[in-house]
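K.L.:
sequence first, then the predicted structure:
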Amino acid sequence: IRGSQNHTGGWDWAEERGFTVLYMERCVEMGIAQVIETAREVVGRGDTPVYLSFDIDALDPVYAPGTGTPECGGFTTREAMQLLRGLRGLAPRLCGADVVAVAPPFDVGAPAGGGLTSLAGATIAYEILCLLSESRAPLPRNA
């Protein structure tokens with residue numbers, strides 16, 4: 001979580017209900033490896049299915065300007081890929097995923113091209129598809 005807020009109502013509500021909320025400042029202090037460990041601890045609880053949603057505006061607008069709410073101070077694309085790759089091994093609990101808030105019309109250079117956010121979104125989606133593919137049982141050899 002990062003960005004300008006004039007009150008903490010939404011964040012307080014989430015924490016009161018047991019959500020794990022990591023603020024970007026804390027992620028920077030912890031480092032990516034510890035963020036991955038924390039995420040794995042949270043989703044490692046129980047045997048319930050895990051759904052992964054990646055909001056593209058988690059990335060700094062330098063890497064993904066084409067979104068509805070760009071906020072400075074986000075992850076780099078390299079950090080995002082490292083985070084996702086750190087979730088390997090959740091199979092078979094990872095049951096689905098999405099990438100949200102990619103808005104090509106708002107991208108740098110749009111509509112003439114640019115495509116920076118679309119590239120980041122496609123790369124993130126690919127990483128997630130790799131995670132999902134690991135969560136599926138292998139097909140029989142004669143299928």
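P.N.:
Everything's here; your move. Just so you know, these numbers come straight off a predicted model, no measurement behind them.
K.L.:
going forward, measure contacts and count neighbours with C-alpha atoms only.
P.N.:
Fine.
K.L.:
who are the packing partners of the top helix by length along the chain?
P.N.:
Taking DSSP state H as the criterion, the chain has its longest helix at helix 116-134. Contact partners of helix 116-134 among helices and strands, from 3 or more CA pairs under 8 Å, 6 or more residues apart in numbering; DSSP states H and E: helix 77-85, strand 94-100.
K.L.:
got the angle between it and helix 77-85?
P.N.:
Interaxial angle of helix 116-134 relative to helix 77-85 (axes from the mean of the first three to the mean of the last three CA atoms, to 10 degrees): 20 degrees.
K.L.:
how far does helix 116-134 sit from its chain's centre?
P.N.:
Per CA atoms, centre = their mean, to the nearest Å, the displacement of helix 116-134 from the mean C-alpha position of its chain is 10 Å.
K.L.:
now do stretch 93-104
P.N.:
Relative to the chain's own centre, stretch 93-104 is displaced by 8 Å; criterion: CA atoms, centre = their mean.
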